[in-house]
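Trainee: What follows is a predicted protein model with its sequence.
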Amino acid sequence: MPFQEIIDQLNFPAQCKKYGLPLRNCPQFLFLIMGGAIGVTALVTYNLGTRYFVDPNTVALIVMFLTVLLFTISFSIIRSLERIAEANRMKSEFISIVSHQLRSPLSNLKWSTELLSSGRLGEIPRKQGEYLQIIEENIIRMGELVSDLLMVSRIEQGKLPLEKTTFSLVDVAEQIINKIKPFAQASNVEIIFEAQPNLKPVFADLSQTKSAIENLLDNAVRYTKARGQVKIKIEQRRGGLLFMIKDSGVGIPTNDQKHIFQKFFRSANVLKHQTQGSGLGLYIVKSIIEKSGGRIWFNSREGEGTTFWFTLPAEKGEANGRK
């Protein structure tokens, strides 16, 4: 291994940034920690060996054999972790590149179909118009998937854009409810909103918070049976605000609940009710909330509905209830 490459390997911050990992999870840093542990083990082994063996050469051979064995095992483990981290980095880069490359053709397709549907290029027969509408709907779905993939890529690379500011969580919730209300009414789902008076503003990224709430509300309405209810409540909590959204929908099976925030995961009962969806929404929501200084959790029973809660700091420096 060239000298410069060895120097690069010892540059832990650069290596961790390359893999998009925190220092504590970086393979090179873990190898350093394991090396220290092996050194301590060698010293302990030497001290114990001198008590039970008279010949110092025997003690030295035992310590040397144990040290070489542990270093070999550690090196193999770290190399495996490096390969996994490198594969994960390449996967994230691939998703990012492909998603960026798909945006332009999708935009062109969208503009073209909208132009055709408008009739400015000639009258469109009814049957052809129906097929154009199907194409437009699928372009929208593909655009949403591309946006989700780009968001996941940014999260994995530690590049999620967060421009924190102070804003009213109540106003944001009302805006999103008004946006989704037509969809809820068409699905025969009632949305009930309640907020404590005189709530403090939160300190978070406005755009990302809107995205998180819209995702949770869209899921709640989408997986609630007809004539069901979705209840939203915002309360003051020490150091921040608590947002609750409760639905009377299909719920989440107990065996699936531990996977609910994982990428691309969709529970079996959800697939029966709704085939659309990428399984990325809740992963993105969790990342947004946690990077904003809050936390998210849920409670669910299959067939009875699901309740999600999340917190956001009320103002700068109060994340997670700290003052």
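Mentor: Arrived safely, thanks for sending. Numbering: from 1, shown residues only.
Trainee: how does this protein divide up, domain by domain?
Mentor: 1-159, 164-321 (automatic domain parsing).
Trainee: and among these, the most buried is which?
Mentor: Greatest average neighbour count among the domains of the chain goes to domain 164-321 (a mean of 18), per mean count of other C-beta atoms under 10 Å. Where you see a C-beta, it was placed from the backbone N, CA and C, and this is true even at glycine.
Trainee: Tabulate the domains of the chain (TSV), appending mean pLDDT.
Mentor: Output for those, formatted as TSV (pLDDT from 0 to 100):
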stretch	mean pLDDT
domain 1-159	77
domain 164-321	87
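Trainee: what about residue 233, which helix or strand?
Mentor: If you go by DSSP states H and E, residue 233 is part of strand 228-237.
Trainee: what's the answer for residue 45, then?
Mentor: helix 27-52.
Trainee: try residue 155
Mentor: Using DSSP H and E, residue 155 sits within helix 126-156.
Trainee: can you pull out the strands in the protein?
Mentor: 164-167, 189-195, 202-205, 228-237, 240-247, 296-301, 305-313 (DSSP state E).
Trainee: how about TSV for those, with distance to residue 54 added?
Mentor: Output for those, formatted as TSV (distance: least, C-beta to C-beta, whole Å):
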stretch	distance to residue 54
strand 164-167	67
strand 189-195	79
strand 202-205	68
strand 228-237	67
strand 240-247	66
strand 296-301	61
strand 305-313	64
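Trainee: of all these, which lies closest to residue 45?
Mentor: Among the strands of the chain, strand 296-301 comes nearest to residue 45, with 45.3 Å by C-beta to C-beta.
Trainee: Not counting its own residues, what contacts the closest one?
Mentor: By C-beta atoms under 8 Å, 6 or more residues apart in numbering, the residues outside strand 296-301 that reach it are 251-252, 257, 260, 285-286, 289-290, 306-311.
Trainee: Throw those into CSV and include distance to residue 31, thanks.
Mentor: Formatted as CSV, the contacts of strand 296-301 follow (distance: C-beta to C-beta, whole Å):
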residue, distance to residue 31
251, 45
252, 39
257, 35
260, 34
285, 35
286, 30
289, 33
290, 28
306, 42
307, 43
308, 39
309, 40
310, 37
311, 37
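Trainee: Which one of those is nearest to residue 62?
Mentor: For the contacts of strand 296-301, the nearest to residue 62 is residue 290 (47.5 Å; C-beta to C-beta).
Trainee: what's near enough to touch that closest one?
Mentor: residue 296.
Trainee: do residue 252 as well
Mentor: Contacts of residue 252 by C-beta under 8 Å, 6+ apart are 260, 267, 269, 270, 298, 300, 302, 306.
Trainee: okay, among these, which ones form the most distant pair?
Mentor: 269 and 298 (15.3 Å).
Trainee: Against residue 237, how distant is residue 309?
Mentor: 10 Å (C-beta to C-beta, to the nearest Å).
Trainee: Quick one: closest of the strands of the chain to residue 98.
Mentor: Residue 98 lies closest to strand 202-205 among the strands of the chain, at 25.6 Å (C-beta to C-beta).
Trainee: my guess is residue 243 meets residue 173, correct?
Mentor: Yes: Residue 243 lies in contact with residue 173 (C-beta atoms under 8 Å); the separation is 7.5 Å.
Trainee: gap between the nearest residue to residue 253 once chain neighbours are set aside and residue 267?
Mentor: Spatial nearest neighbour of residue 253, chain neighbours left out: residue 302 (4.9 Å); criterion: C-beta to C-beta, 6 or more residues apart in numbering. When C-beta to C-beta is applied, the distance between residue 302 and residue 267 equals 9 Å.
Trainee: Kindly report the same for residue 178.
Mentor: To residue 267, residue 178 is 29 Å away according to C-beta to C-beta.
Trainee: Same check on residue 244?
Mentor: Separation of residue 244 from residue 267 (C-beta to C-beta): 21 Å.
Trainee: likewise residue 126?
Mentor: Relative to residue 267, and taking C-beta to C-beta, residue 126 is found at 39 Å.
Trainee: wait, what's in contact with residue 289?
Mentor: By C-beta under 8 Å, 6+ apart, residue 289 lies in contact with 212, 295, 296, 310, 311, 312.
Trainee: export those to TSV and tack on distance to residue 135?
Mentor: Shown next, in TSV, are the contacts of residue 289 (distance: C-beta to C-beta, whole Å):
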residue	distance to residue 135
212	30
295	41
296	36
310	37
311	42
312	39
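Trainee: circling back: pretty sure the residue nearest to residue 253 is touching residue 251, no?
Mentor: Yes: the criterion here is C-beta under 8 Å, and residue 302 meets it with residue 251 at 4.1 Å.
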